[in-house]
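>>> how would this look folded up:
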Amino acid sequence: MTSAALVKEALLSDLEELPNLKIGDYILHIELDELTPEVKEIARKELRETPEVRKEAIVELRDLLREETDLKCPLDKEAWLVRFLRPCKFYPESAFELIKRYYQFKQKHSNLYDGLVPTKNKNIFDHNILTVLPNRDQFGRRVLILELGKKWKHNKVSLDEVYKGCVLFLECAMLEPETQVAGAVVIFDMDGLSLQQVWQFTPPFAKRIVDLLQDAIALRIKNIHIVNQPYLFNMVFALFKPFLREKLRGRIIFHGTDRDSLHSYLSPKSLPAQYGGTLELPRIDGPQWYKLLSMCEKEYEAVNSYGYKKDVESKK
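As a prediction, this is how the structure comes out:
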């Protein structure tokens, strides 16, 4: 399990140890362990990460952030700086711009982000339409699954609640060193999508999701897999298309019910049976994730305590 020193370095709050949840023989926890030699090699090859580059980039990024006087951020936390340097391949200027966009985005959408903690969003977890697989895929990536078809009761769970649940997972993923390096993939399971559900989607919602993924998150989203989508899904995707830039558009893959197609990207060994996989670990359902994330409430409160001190819309 992660040492107390690693926890103290990685977290913004004063949590002394990370909570964990025993599910059968499996222990669910946020993984803050140091990178294995294999993952360090991926970081070197793909992100230019070496001790020398890392040290120099941290110093430069701190200097840049000190000049951004209306932004409150944890400059003393090296792990927090690295969290933004990794997706930017350790180019300090790029990480600086990402940090500014991250906090500007939160301010722009303050109606969703203010006070965003697990205990205020129990409903989305109770409906069990969001989960993260307990394992990583064959490339070490986290796998987030959204089931927005027949399991989604749109009259009981709004899309804004779905969005906030995703953000809570993404903020958690950003803490994990291996996820920072390897990235994450998302599976949208649209089985049973109805016309009434399609009507819940709006252009502003689509733009917010795309802006988050393209510009305002310190996480490498490697692929978005659309599975079990009916023809109706074309109406939903049409709302998103105008906002997609080429890079993200190229990472969205439509599989329908073709499991061989999905397996060409995600190994069956890393997928549950519902996607033709052979994964034997238990599914972690929404209430279980809620229990774990709620134990990390102090960390979410600490994350929320940073940001711009005044309106930054004029900077955009």
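
>>> quick check: G192 touching E147?
No - at 9.0 Å, G192 does not count as touching E147 under the criterion of CB atoms under 8 Å. (Each C-beta comes from the backbone N, C-alpha and C, glycine too.)

>>> give me the more crowded residue out of the two.
Neighbours were counted for G192 and for E147 using other CB atoms under 10 Å; E147 has more, 21 against 14.

>>> how much space between that one and G286?
Going from E147 to G286 by CB to CB, to the nearest Å gives 10 Å.

>>> now list whatever residues contact both of these two.
Taking CB atoms under 8 Å, 6 or more residues apart in numbering as the contact rule, E147 and G286 both touch I129, L130.

>>> tell me which element the residue nearest the centre of the chain is part of?
By CA atoms, centre = their mean, the chain has its centre lying nearest to L170, at 2.4 Å. Per DSSP states H and E: L170 is located in helix 159-175.

>>> tell me what whichever helix or strand comes after that helix is packed against?
Remark: after helix 159-175, the chain's next helix or strand is helix 177-182, criterion DSSP H and E. When contacts are defined as 3 or more CB pairs under 8 Å, 6 or more residues apart in numbering; DSSP states H and E, helix 177-182 packs onto helix 37-47.

>>> secondary structure class for the closest residue to A43 other than its chain neighbours?
Excluding its sequence neighbours, the residue lying closest to A43 (CB to CB, 6 or more residues apart in numbering) is E49, at 3.9 Å. What DSSP: H, G, I helix; E, B strand; the rest coil gives for E49 is coil.

>>> E49: neighbouring residues, count only.
Neighbourhood size, E49 [other CB under 10 Å]: 23.

>>> the helix or strand of the chain with the lowest mean pLDDT packs against which elements?
Among the helical and strand segments of the chain, the one scoring lowest on mean pLDDT, DSSP states H and E is helix 4-10, with a mean of 87. Secondary-structure packing of helix 4-10 (3+ CB pairs under 8 Å, 6+ apart): helix 78-85.

>>> what is the subsequent helix or strand relative to the helix it packs on?
Moving toward the C-terminus from helix 78-85, the next helix or strand (DSSP H and E) is helix 92-108.

>>> what's the spacing between the next helix or strand after that next one and its chain's center?
For helix 92-108, the following helix or strand on the C-terminal side (DSSP H and E) is helix 110-113. In terms of CA atoms, centre = their mean, to the nearest Å, the centre of helix 110-113 is found 17 Å from the chain centre.
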